[in-house]
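>>> Output the structure for:
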Amino acid sequence: MNQQPYWTKVAVSDRCVSSRSSPCEKDKGHKVQQLITDKICGRIRQKCNSRPKIIWKGIRVTTSGTIKVTNTSDCEMRLIIKKGTKCKTCIETVLPKDELTLTIGFVRSIAVKCCGPEEDQVCSGCFTLIVHYPFNPCEKEDCCCCCEWC
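This is a model prediction of the structure:
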């Protein structure tokens, strides 16, 4: 059976968010999970040497995804990626006037920290994140407990 996927698109401030999935169906008595794909885009603008800013976080979902970060400034950006069940931290550097693309499995959160020689210097750039996660629309929604932070 060939079904057309449907799109849900929501614009949130400076970010573009879109989801792609397929309707709920049963296949020979087996539960079918949908694979949801979200595309999230945003701008990065923060003072150098300030606290890291979380640009994406997954709560109670197992995700994988690809992120592309473009650094348009003269200072370095550091991506702080938490992944896995134990929230292992990976740090990747995006050099000035450069870009970096990463594909990550079991990603929990992504934050950006700008590092520069002067406190009043500002880092700028943009990111595009495509995340994939399973969803079973046939199951009842359970309570979202937001206490599983890394």
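
>>> which element follows the helix or strand harbouring Lys39 toward the C-terminus?
Assessed by DSSP states H and E, Lys39 sits inside strand 34-47. Going down the chain from strand 34-47, the next helix or strand is strand 53-57, by DSSP H and E.

>>> and the strand holding Lys39, which strands flank it?
In the sheet, strand 34-47 lines up against strand 15-21 (antiparallel), strand 122-135 (antiparallel) (DSSP bridges).

>>> Now tell me which of those strands the model trusts least on average.
Among the strands paired with strand 34-47, strand 15-21 carries the lowest mean pLDDT, a mean of 48.

>>> now Asp98: how far from Asn49?
Per CB to CB, to the nearest Å, Asp98 is found 19 Å from Asn49. C-beta: built from backbone N, CA, C; applies to glycine.

>>> Please read the previous query as pertaining to Ile59.
From Ile59 to Asn49 the distance is 29 Å (CB to CB).

>>> Tell me if I'm right that Lys82 and Ser109 touch.
Yes: look at Lys82 against Ser109 with CB atoms under 8 Å: they come within range, at 4.6 Å.

>>> which of Ile59 and Asn49 has more neighbours?
Relative neighbour count places Asn49 above the other of Ile59 and Asn49, with 16 against 12, counting by other CB atoms under 10 Å.

>>> low pLDDT regions in the protein?
1-32, 136-150 (pLDDT under 70).

>>> tell me the phi and psi of Arg78?
In terms of degrees, to the nearest 10, the main-chain angles of Arg78 are phi -120, psi 130.

>>> quick one: contacts for it?
52, 91-94, 112-115 (CB atoms under 8 Å, 6 or more residues apart in numbering).

>>> same question, Met77
Here Met77 is in contact with 44, 69, 71, 93-94, 112-115, 123, 125 (criterion: CB under 8 Å, 6+ apart).

>>> so which of those residues is the most crowded?
Neighbour-wise, the contacts of Met77 (other CB under 10 Å) top out at Cys123, 27 neighbours.

>>> what's the spacing between the residue nearest to Thr66 when sequence neighbours are not counted and Val61?
Take Thr66 and drop its neighbours on the chain: the residue closest to it by CB to CB, 6 or more residues apart in numbering is Thr103, 4.6 Å away. Distance, Thr103 to Val61, using CB to CB: 17 Å.

>>> So those two - more neighbours on which side?
When neighbours are counted by other CB under 10 Å, Val61 comes out ahead of the other of Thr103 and Val61, with 13 against 10.
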